[in-house]
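Visitor: Let me see the structure of the following:
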Amino acid sequence: MNIIKNKTQNNQKDVPNKLGRKTLEELDKMGKIDLNKSLKILKAKGLDDVSKDSRIKDIADELDTTPYEIYEMISH
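Guide: Numbers count the residues shown, from 1 in each chain. Predicted structure coming up:
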């Protein structure tokens with residue numbers, strides 16, 4: 001039995017490489033998120049200064065979570 005699973009087997013949907021370095025605008029241009037919807041979600045979480053140029057890692061740090069958790073939050 002193979003204990004090691006790849007990302008798609010872990011139900012992580014096509015997560016971009018170097019996710020933490022990506023800006024919201026870059027993810028939008030890649031077709032991974034809807035920029036306006038993502039900005040609304042993040043502002044509702046209390047990030048008033050979030051913008052299209054905000055990096056996923058910086059957002060995650062502000063919300064005390066991981067870049068992957070942020071991606072999951074905004075990519076649905």
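Visitor: the helices in the protein, which residues?
Guide: 24-29, 35-44, 56-62, 67-74 (DSSP state H).
Visitor: buried stuff in the longest one?
Guide: Buried residues in helix 35-44, counted by 16 or more other Cβ atoms under 10 Å: 35, 38-39, 41-42. In short, each C-beta sits where N, CA and C put it, glycine included.
Visitor: cool, and the first one?
Guide: Counting neighbours by 16+ other Cβ under 10 Å, one finds that the buried residues in helix 24-29 are 24, 26-28.
Visitor: Among the residues you listed, find me the one that's closest to Y68.
Guide: Nearest to Y68 out of these is L27 (Cβ to Cβ; 12.7 Å).
Visitor: K37 is in contact with the closest one, correct?
Guide: No - if you go by Cβ atoms under 8 Å, L27 and K37 don't touch, sitting 11.6 Å apart.
Visitor: thinking again about what came up before, including pLDDT and distance to N17, could the buried residues of helix 35-44 go into TSV?
Guide: Formatted as TSV, the buried residues of helix 35-44 follow (pLDDT from 0 to 100; distance: Cβ to Cβ, whole Å):
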residue	pLDDT	distance to N17
L35	97	20
S38	97	19
L39	98	23
I41	97	23
L42	97	22
